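Asks: A structural model of the following input is requested.
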Amino acid sequence: MTKKLDLAKDWLPRYTGTRIDEFGDYILLTNFSNYLEKFADQGKCDIKGEGRPMQTATNSAGVTMINFGMGSPNAATIIDLLSVRAPKGLLFLGKCGGLKRSTEIGHFILPSAAIRGEGTSRDYMPRAAPALPAFKIQKFVSQKLVKYKQEYRTGVVYTTNRRLWEWDGKFKKYLRKLAVIGIDMETATLFVVAFVNRLSLGALLLVSDLPMIPEGENRRIRPDGHAKIC
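Replies: Sure, this is the predicted structure:
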């Protein structure tokens, strides 16, 4: 009978164009190609897997960044595949919509938990199981944010499979009742699948938009270019 790790050994290099022994002990996950390009440029390392579903770059410090694509199924896939490498730590660098009036474009959100509205994680854990990050990684990231004087918020984010939901008044009302701080498409899946695979994973999200506030309404632009809700 084929085992999970046997499949991962085959599919990780096939999806990424990167041998298993070429992955570093620490992994940065993203779903934005420009993040990977900047990482490779700063680390003076090559991008592998161009033309593959996922691309990677590994610097001389043994840190690998992976662009795994968008959505919860891709998020679950990369964590399952990385189980064969068993990295010491993973950090998701993603983007999200800010849902609180205290949150501005350009702020960071350090999730304390995620609501599993995406469905994919139900194939891994019962619906009642919480989606939580690794506390040690979140603590480490928090310390770095403070050190470099970066604005950030903590709170619960909502993960959904729906990309086009801003038109849905009923769903927006539901989000307000949940009192979540942000919304994205991967975080809850990553937390749950990492837990199932016994991997330590945290997340740091950048607020890229304010989907609950219509464009041009109740906003002003700060001198630094960030939009602020008035």
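Asks: Going along the chain, name the helices of the chain.
Replies: Counting by DSSP state H, residue ranges of the helices within the chain are 4-16, 33-43, 72-82, 135-147, 169-178, 187-196.
Asks: model confidence over the fifth one, on average?
Replies: In this model, helix 169-178 carries a mean pLDDT of 94.
Asks: For it, buried residues please.
Replies: Along helix 169-178, the positions that meet the burial threshold by neighbour count (16 or more other C-beta atoms under 10 Å) are 171, 175. Using the backbone N, CA and C atoms, a C-beta is placed for each residue, glycine as well.
Asks: swap in the first one?
Replies: Residues of helix 4-16 classed as buried by neighbour count (16+ other C-beta under 10 Å): 8, 12-13, 15-16.
Asks: what angle separates it from helix 72-82?
Replies: Angular relation of helix 4-16 and helix 72-82 on a 0 to 180 degree scale: 120 degrees, by axes from the mean of the first three to the mean of the last three C-alpha atoms, to 10 degrees.
Asks: So what touches helix 4-16?
Replies: Contacts of helix 4-16 from elsewhere in the structure, counted by C-beta atoms under 8 Å, 6 or more residues apart in numbering, are 18-20, 48-49, 52-56, 66, 77-78, 80-85.
Asks: hmm, try it at 6 Å
Replies: Residues from elsewhere that reach helix 4-16, judged by C-beta atoms under 6 Å, 6 or more residues apart in numbering: 19, 49, 52-54, 56, 81, 83-84.
Asks: Check the average confidence over that helix, would you?
Replies: Summarised as a single mean, pLDDT over helix 4-16 is 90.
Asks: related to what we said a few turns ago, out of the contacts of helix 4-16, flag the one nearest to G98.
Replies: The closest of the contacts of helix 4-16 to G98 turns out to be M54 (C-beta to C-beta; 27.4 Å).
Asks: Would you mind confirming that that closest one makes contact with M65?
Replies: No. If you go by C-beta atoms under 6 Å, M54 and M65 don't touch, sitting 10.7 Å apart.
Asks: Those two: which is more packed in?
Replies: For M54 versus M65, neighbours defined as other C-beta atoms under 10 Å are more numerous around M65 (26 against 23).
Asks: in the sheet, who's paired with that one?
Replies: Each beta-bridge partner of M65 is listed here: L28, A57, as defined by DSSP bridges.
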